[in-house]
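Student: The following comprises the amino acid sequence and a computationally predicted model.
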Amino acid sequence: MARPNLKPAVRTTYRHGNLRQALLDAGVALAQADGPSAVVLREATRRAGVVPNAAYRHFSSHMDLLLAVRAVALSRLAQSIETEFNAIDKTLGPTDQARASLRAVGVGYLNFAFGNVGLFRTIFAVPDWPGGPDPAKAGNTGLNPFQLLGLALDRMVEAGVLPKERRPNAEFLAWSAVHGFSRMVIEGPLHGRPREQIDALGKRLVEMVERGL
C-alpha cells in the first residue's frame with residue numbers, strides 16, 4: 001500500500017489577506033534585520049508561505065521589491081522627522097520656531113538612522129535619491145524627508161534667519177553634514193562609541209548646521 005504524502009503543501013495562492021502587503025512586510029523585516037542585501041524575493045515568498053512564482057504578480061523583480069521596501073523606509077524616516085516637528089514648543093516666537101524646525105529635521109534623521117540601520121542603508125542602496133514625488137515615500141504630512149528639509153529651510157528664510165540669497169541648494173549642504181555624521185557612526189570611526197556621546201555630538205552638529213547656513 002502506498003504511503004501517504006505527509007509533506008505540507010505550499011500554497012500557490014494567498015488566502016489570508018493581501019499578498020502584496022505580506023511580501024512587502026517580509027521585505028521590510030529582512031531589510032530591518034540585515035540591510036538591503038537581505039531583501040531577496042525568494043525569501044520574502046518563503047516567509048509569506050507561497051511559491052516564488054506567486055510573487056511576480058505583485059513584484060516583477062528583486063529590484064521592484066527593493067524599491068517598495070525603500071519607499072517604506074523613506075516614509076518612516078519622514079515620520080521620524082515629523083515626530084520632532086510635532087515636539088517643537090508652540091509658544092516659541094517665529095525665529096526660534098524656524099531654528100527649531102531645522103534642528104528637528106536633523107534630530108529626526110539621526111534618530112531614524114541609528115534606530116533603523118538596515119532600513120537606513122536600504123534608502124541609499126539604489127541609484128536614486130529621496131527627492132522624488134512618489135507619495136509612498138511621504139510621511140503623515142504628505143511630504144518626503146527631502147521636502148520636509150526644504151520646508152524647514154523655507155521657514156528659516158521667512159523668519160529672516162537664513163538670507164534669501166543663501167537658500168538655493170541649502171538642502172544639500174545640511175543633508176550632507178548630517179548624513180556624513182550618521183555614516184561615521186554606523187560604519188566609520190565613531191562606530192561603537194557610547195550612545196550618550198553620539199547623541200551629544202549629534203546635537204552639536206545640528207546646531208552647527210542651523211547656525212552655519
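Tutor: Yes, it's here. Numbers count the residues shown, from 1 in each chain.

Student: And the pLDDT for the nearest residue to residue 148 once chain neighbours are set aside?
Tutor: The shortest distance from residue 148 to any non-neighbouring residue, by Cβ to Cβ, 6 or more residues apart in numbering, is to residue 81 (4.9 Å). Glycine gets a C-beta too; all of them are placed from N, C-alpha and C. Residue 81 carries a pLDDT value of 98.

Student: Look up phi and psi at residue 81.
Tutor: Per-residue torsions, residue 81: phi -70, psi -40 (degrees, to the nearest 10).

Student: So which bits of whichever strand or helix holds residue 54 are buried?
Tutor: Here residue 54, judged by DSSP states H and E, is contained in helix 52-55. Residues 54-55 are the ones in helix 52-55 that count as buried (16 or more other Cβ atoms under 10 Å).

Student: Just name whatever secondary elements that helix is in contact with.
Tutor: When contacts are defined as 3 or more Cβ pairs under 8 Å, 6 or more residues apart in numbering; DSSP states H and E, helix 52-55 packs onto helix 19-34, helix 41-48.

Student: Which of these sits closest to residue 103?
Tutor: helix 19-34 (26.6 Å; Cβ to Cβ).

Student: what mean pLDDT does the closest one have?
Tutor: 95.

Student: Just the angle for that helix relative to helix 41-48, thanks.
Tutor: Per axes from the mean of the first three to the mean of the last three Cα atoms, to 10 degrees, the angle that helix 19-34 makes with helix 41-48 is 110 degrees.

Student: so what secondary structure elements neighbour helix 19-34?
Tutor: Contacts defined by 3+ Cβ pairs under 8 Å, 6+ apart place helix 19-34 against helix 41-48, helix 52-55, helix 62-86, helix 117-123.

Student: what does it rub up against?
Tutor: For helix 19-34, contacts defined as Cβ atoms under 8 Å, 6 or more residues apart in numbering pick out 13-14, 16, 38-41, 43-45, 47-48, 50, 54-55, 57-59, 65-66, 68-69, 72-73, 116, 118-119, 121-122.
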